[in-house]
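>>> output the structure for:
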Amino acid sequence: MKTTGKFVAQAVLLALCAGCATRGAWALEAAEGYTPEKIQGLVKDLASQDFAKRREAEKELSKAGPKAQAALKAVEDSPDAEVKRTVKRLLGMIKLATLAPVNYLDVLPLSATAGLYVENAGILADNAQKTALGKLVFSQALEPLRKKLEAKMKEDPDAPQNVQQWLGRFKGQFAAGAWGELNMMGGEMKSGGMLEITAADPKAVYAELLELGIVNNTQQKTQYKDVEMLESEMGLSVALAGKHLLFGSNVESLKELIDNLLAPTAGFNGSPAYAKLKPKLGPRPEIIIFLDMQAYLKALAGLPFPGLDEILTKSGAKDTKFAMFSSATAGDAFEDRYVTLMENKPAGFRSAVQAPEGVNPLEAMALIPANAVGAGVGYMDGSKMYAACNDYLGALKNIMEFQKQMNPNAPAMDFDALLKNAEAKTGLKFADVFGNIKGEFGYWLVLAPPPGLAPPDVGLLLTCADAEKAKATSAAIAKAIAAVSGDMVTAKETPYRNTSIFQVDLAPLTAGAMPNVPVSPCWAVDGNRIFVSSSTKALQKQLVNNENKAPGLLTQPEFVKAMGSLRAEERKGQVVYGDIKALLTMGATLGLPLLQGQITDADMKAALAALPAPQELFKDFPPLLLSMVDQGETSLTILRAPVPPIPAIIGLILGGSAVKSAQGMQGPGF
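Numbers count the residues shown, from 1 in each chain. Okay, the predicted model is just below:
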């Protein structure tokens, strides 16, 4: 069956909709009616001279499952070689079907360098329905639109009609990974994964998958520790062990997973890096993605690319030892966490944005307009940032020189000359200008009043070491603008309250292309801070708020509530805030009428027209919140949003790929 990209959204909708399926590795209902007397008769029939009778007895004993175990063990040493083989096979099947619960992270090898783990796909789907997005998708208000989309899917022959059915069969654990030495120049790396079949009869699901072509052009069947493995001509191997569907990039990978499944060890769960990072992944991560950065960087360093190792070092990339992502639902939002284990203390770019002890950049939110729909704050040491940029550009220059040697026609780029020319043109020493900046920085976005057709107001604040350096930086900005534009654009100074506003007129640069420029960049110095805005009106309001010590965004109820989801130590780095409710409302207000006008289907047009007002649709959507902070040897980023963050989307895509494989598109694997 062919699956097209336009059905991804509908597939996700169906995935969210699916409820928890019945669990159980063995169809116990099927074992009902198998009395001891009947089982004894079936065991006796295994030695029948009638081939059909023997095969039927084997089939029935397979259905009886654990109830037949004792009777089968009694004849496992039968002198009849055929009976002995059949009994061994049946006992092996029963053993696999009654395996104790296992954590798939114990099955992934300890040496795994990359992987994905989903603890429970059913719980993940159920929890997703409880978020603001889930409630909206399955709200009564969207029911007509939802039904229309489902009907459209059924009309199209390419639509994945049975997505929900297939997802309902795999609502337990999922894991996939790669292990062994990573070699960018070739060589075979082991990889594989596991899917937990939660349907009542795993064998029936497996048989259906095989019929759909999960392993195309099967080369051979082999038995390994009571598990039958199927290997394709391309090397991809699959097996069913009880309720566990296993796949590997080759037979050896599959055998390793089978070994760990039958005799679980700590596996990846025993990784020292995982032990250090696990507490920072949240109380109950539903999706985990990990990458051994040292193994990856080691492989990169082995490439015949002079200068690459230097640029990795200068950029700070080599400081990262291990990286992990987690995603989970958290009430009405999704929470993503990205945590890395670092080799050294913050250096390079990281050191430039590391707030010193006693400085909390979050307090700068008090200087950001209370009606901002998007805002961010952090800390910057300009001198360290300038040094880090120089180091990085120096390493990049070495790579470009190597490219020039390999290809004389490659474009040349002399960063030192560019810097000297820029300094000569502007009359500035950039090291001195950057050196003036030291302290909190912030940025924000304020939407224009409804209908929101005017450009938004954009703001920026920079903190300097003192008031004199703030004035020097302001003068440098004016000088740079005039020099870069060839004196076509200058900053007009206008006194305002206790300071001056410097306004830039862009008309000379945009004449002919944009007769009426909708923005007029401006800035002002207030103490040791520089405030930049896209309009003088917004800047004047900002200066008045500063003078009156208005609390700005810091005390807004939605912002305070969002910050309450973070621990104190998680609020001390860079923080980004977004009013998703306001942004979605504005987008729907402008976009829905346009969409409705383009649709020709009368029923779909009516369904869109019947939607509640955007303010009502998104009234329960929480804001977006992003926090980035270094904590000793770890670096932590937390993203909370009312829509699935990136790792959750990756998980859904990978899950969708598994479904696509099950539908015969191609076999699963890495």
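
>>> domain map for this protein?
Here the domain parsing of the chain from automatic domain parsing is 28-97, 346-579, 581-617.

>>> pipe those into JSON lines and attach distance to Gly192, mean pLDDT and mean neighbour count per row.
For glycine as for every other residue, the C-beta is placed from the backbone atoms N, C-alpha and C. Below are the domains of the chain laid out as JSON lines (distance: least, C-beta to C-beta, whole Å; pLDDT from 0 to 100; neighbours: other C-beta atoms under 10 Å):
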{"stretch": "domain 28-97", "distance to Gly192": "17", "mean pLDDT": "76", "mean neighbour count": "15"}
{"stretch": "domain 346-579", "distance to Gly192": "35", "mean pLDDT": "87", "mean neighbour count": "17"}
{"stretch": "domain 581-617", "distance to Gly192": "41", "mean pLDDT": "85", "mean neighbour count": "14"}
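
>>> to Asp630, which of those domains lies closest?
Asp630 lies closest, by C-beta to C-beta, to one member of the domains of the chain: domain 346-579, at 5.4 Å.

>>> any regions of the stretch 101-250 of the chain where pLDDT drops low?
For the stretch 101-250 of the chain, the stretches with pLDDT under 70 are 153, 156-164, 182-188, 216-219.

>>> which stretches of the stretch 51-200 of the chain form strands?
112-118, 174-179, 190-196 (DSSP state E, counting those that start in this stretch).

>>> now do the shortest one: distance to the chain's middle.
With C-alpha atoms, centre = their mean, to the nearest Å as the basis, strand 174-179 stands 16 Å off its chain's centre.

>>> can you name every helix or strand that that strand contacts?
On a contact count with 3 or more C-beta pairs under 8 Å, 6 or more residues apart in numbering; DSSP states H and E, strand 174-179 meets helix 104-107, strand 112-118, strand 190-196, helix 646-662.

>>> make it 6 Å
If you count contacts as 3 or more C-beta pairs under 6 Å, 6 or more residues apart in numbering; DSSP states H and E, strand 174-179 packs onto strand 112-118, strand 190-196.

>>> now it: buried residues?
For strand 174-179, a neighbour-count test (16 or more other C-beta atoms under 10 Å) marks Phe174, Ala175, Ala176, Gly177, Ala178, Trp179 as buried.

>>> what residues does that strand touch?
104, 108-109, 111-118, 189-191, 193-195, 670 (C-beta atoms under 6 Å, 6 or more residues apart in numbering).

>>> weed out the non-buried ones from those.
104, 108-109, 111-118, 189-191, 193-195, 670.

>>> spell out the residue ranges of the strands in the stretch 251-400 of the chain.
Under DSSP E, counting those that start in this stretch, the stretch 251-400 of the chain gives strands at 287-291, 320-330, 333-342, 374-381.

>>> please enumerate residues in contact with the second one?
The reference is to strand 320-330. 127-128, 131, 273, 277, 281-282, 284-294, 335-341, 343, 645, 647-648.

>>> in PyMOL, select just the buried ones from these.
Remark: buried members of the contacts of strand 320-330, expressed as a PyMOL selection using 16+ other C-beta under 10 Å:
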select buried, resi 127+128+131+273+277+281+282+285+286+287+288+289+290+291+292+293+294+335+336+337+338+339+340+341+645+647+648
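
>>> ok so, going back, would you turn the helices and strands packed on strand 174-179 into JSON lines with distance to Ser232?
Formatted as JSON lines, these follow (distance: least, C-beta to C-beta, whole Å):
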{"stretch": "strand 112-118", "distance to Ser232": "22"}
{"stretch": "strand 190-196", "distance to Ser232": "14"}
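
>>> for those, which one sits closest to Leu539?
It is, among the helices and strands packed on strand 174-179 and with distance given as C-beta to C-beta, strand 112-118, at 47.6 Å.

>>> parallel or antiparallel, which strands does the closest one pair with?
strand 174-179 (antiparallel), strand 287-291 (antiparallel) (DSSP bridges).

>>> JSON lines for those, including distance to Tyr443?
Compiled in JSON lines, the strands paired with strand 112-118 are given as follows (distance: least, C-beta to C-beta, whole Å):
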{"stretch": "strand 174-179", "distance to Tyr443": "39"}
{"stretch": "strand 287-291", "distance to Tyr443": "29"}
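
>>> how about the strands of the stretch 51-200 of the chain in CSV, adding distance to Asp432?
Output for the strands of the stretch 51-200 of the chain, formatted as CSV (distance: least, C-beta to C-beta, whole Å):
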stretch, distance to Asp432
strand 112-118, 45
strand 174-179, 49
strand 190-196, 53
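
>>> hmm, back to that, and the helices and strands packed on strand 174-179: which comes nearest Ala263?
Closest approach to Ala263 among the helices and strands packed on strand 174-179 is made by strand 190-196 (15.1 Å; C-beta to C-beta).

>>> could I get the CA-only coordinates of the closest one as CSV?
Output of strand 190-196 as CSV, limited to C-alpha atoms (Å, rounded to 0.1, in the frame of the first residue of the first chain):
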residue,chain,number,x,y,z
LYS,A,190,25.3,-3.5,14.3
SER,A,191,21.8,-2.2,14.7
GLY,A,192,18.3,-3.4,15.5
GLY,A,193,15.3,-3.0,17.7
MET,A,194,12.2,-4.4,19.4
LEU,A,195,8.4,-3.8,19.2
GLU,A,196,6.1,-5.1,21.9
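
>>> that one packs against which elements?
Counting by 3+ C-beta pairs under 6 Å, 6+ apart, strand 190-196 packs on strand 174-179, strand 244-248, helix 251-262.

>>> what mean pLDDT would you report for the longest one?
Helix 251-262 shows a mean pLDDT of 91 in the predicted model.

>>> how about that helix: buried residues?
Neighbour-count burial for helix 251-262 [16+ other C-beta under 10 Å]: Val251, Ser253, Leu254, Lys255, Glu256, Leu257, Ile258, Asn260, Leu261, Leu262.
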